[in-house]
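*Asks:* Pasted the sequence and its predicted model underneath.
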Amino acid sequence: MGMVREKYSGKNKDISQMKKPVIDAQGVDLTFQTNDGPVHALKDVNLQVDKGDFVSFIGPSGCGKTTFLRCIAALETPTGGKLTVNGLSPDEARKSRAYGYVFQAAGLYPWRTIAGNIRLPLEIMDFPKPDIPERVEKVLDLVDLKGFGKKYPWQLSGGMQQRASIARALAFDAEILLMDEPFGALDEIVRDKLNEELLKLWAATNKTIAFVTHSIPEAVYLSTKIVVMSPRPGRITDVIESTLPKERPLEIRDSEEFIKIAHRVREGLRAGHAE
Ligand SMILES: Nc1ncnc2c1ncn2[C@@H]1O[C@H](COP(=O)(O)OP(=O)(O)OP(=O)(O)O)[C@@H](O)[C@H]1O
């Protein structure tokens, strides 16, 4: 089976798609006004992400990956176009707890235990107190940290801390997980393991995941959809629908199909660079 090339530029929309996209960007533009003049961080971004998709954003520094994720999370407001999350405005989606956010640094509070860190968003959101311990246990189990709830962040390795930060984002059972280079600071072996675990977690929870990365193998291994971006102005230059099966052992990275997709991502990045 060959890869499906999707039209992503202009105003094309797949009208055969009956279900509503979880993330729907139409002509999204964002220009920052800075002291050095305007910075066009996002230009005419058109993208539909369906429920259960694992979408990765890849591209060189400054191509707008983080900015786009921040728009979804209502941390930035586009200056043009239309963006909806679960059919709502990003701000409404935030209020309806549509997503959890995982950052590059685990960002755990050192004075709180792992369970205490995971509990924090639940406490802030005023979750019923009696339900909290069970939820904390459930997400600790999901990220394979059962029994570590009473430890402090500094007692855990970098990879374990990042898993704890994923657990925290999962605690309120949001349908969407936004992940901004969560494994960027980890060594390759740990990263491989966490990639494998993340796929299992994704399969078990049926979440929609939007994931920022600089790594081609990571993007190809994880994603159902790979969005290649280019800077100045920040824009989408290719959207690749992965043809890899949902079940992905690490060895799939040696398969012909994997290498073919990785090649297309690399070509997309190179083309964006040359412009
Ligand atoms: N708050 C801001 N004010 C002004 N300019 C900004 C702001 N946030 C981002 N930018 C600019 O917008 C562009 C896109 O930045 P962004 O952080 O989204 O890129 P990125 O692809 O995530 O990069 P990296 O891979 O380095 O994280 C860059 O030129 C950046 O300098």
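*Replies:* That came through fine.

*Asks:* Run through the residues that contact Glu257.
*Replies:* 243-244 (CB atoms under 8 Å, 6 or more residues apart in numbering). All C-beta spots, glycine's among them, are computed from the backbone N, C-alpha and C.

*Asks:* Tell me which helix or strand it sits in.
*Replies:* Taking DSSP states H and E as the criterion, Glu257 maps to helix 256-274.

*Asks:* Near the ligand, which residues of the stretch 101-250 of the chain are found?
*Replies:* By CB under 6 Å from any ligand atom, the part of the stretch 101-250 of the chain that sits against the ligand consists of Gly234.

*Asks:* Walking through the stretch 101-250 of the chain, point out its helices one by one.
*Replies:* 114-124, 132-142, 158-170, 188-205, 216-222 (DSSP state H, counting those that start in this stretch).

*Asks:* Centre of the chain to the second one, how far?
*Replies:* The chain centre lies 22 Å from the centre of helix 132-142; the measure is CA atoms, centre = their mean, to the nearest Å.

*Asks:* what comes up buried for that helix?
*Replies:* Across helix 132-142, burial judged by 16 or more other CB atoms under 10 Å covers 132, 135-136, 139-140, 142.

*Asks:* what pairs with Leu42 across the strands?
*Replies:* Leu30 (DSSP bridges).

*Asks:* okay, it: pLDDT?
*Replies:* Listed pLDDT for Leu42 reads 96.

*Asks:* do you know how far it is from Ile58?
*Replies:* To Ile58, Leu42 is 15 Å away according to CB to CB, to the nearest Å.

*Asks:* Might you list the low-confidence residue ranges for the stretch 1-150 of the chain?
*Replies:* Across the stretch 1-150 of the chain, the ranges flagged by pLDDT under 70 are 1-18.

*Asks:* Going along the chain, name the strands of it.
*Replies:* Secondary structure of the stretch 1-150 of the chain (DSSP state E, counting those that start in this stretch): strands at 4-5, 23-34, 37-49, 54-58, 80-85, 99-102.

*Asks:* okay, the ones you listed in TSV with mean neighbour count next?
*Replies:* Putting these into TSV (neighbours: other CB atoms under 10 Å) gives the following:
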stretch	mean neighbour count
strand 4-5	10
strand 23-34	17
strand 37-49	20
strand 54-58	25
strand 80-85	18
strand 99-102	24
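
*Asks:* Give me the pLDDT for the closest residue to the ligand within the stretch 151-275 of the chain.
*Replies:* Per CB to the nearest ligand atom, the residue of the stretch 151-275 of the chain with the smallest distance to the ligand is Gly234, at 5.2 Å. Per-residue confidence (pLDDT) for Gly234: 93.
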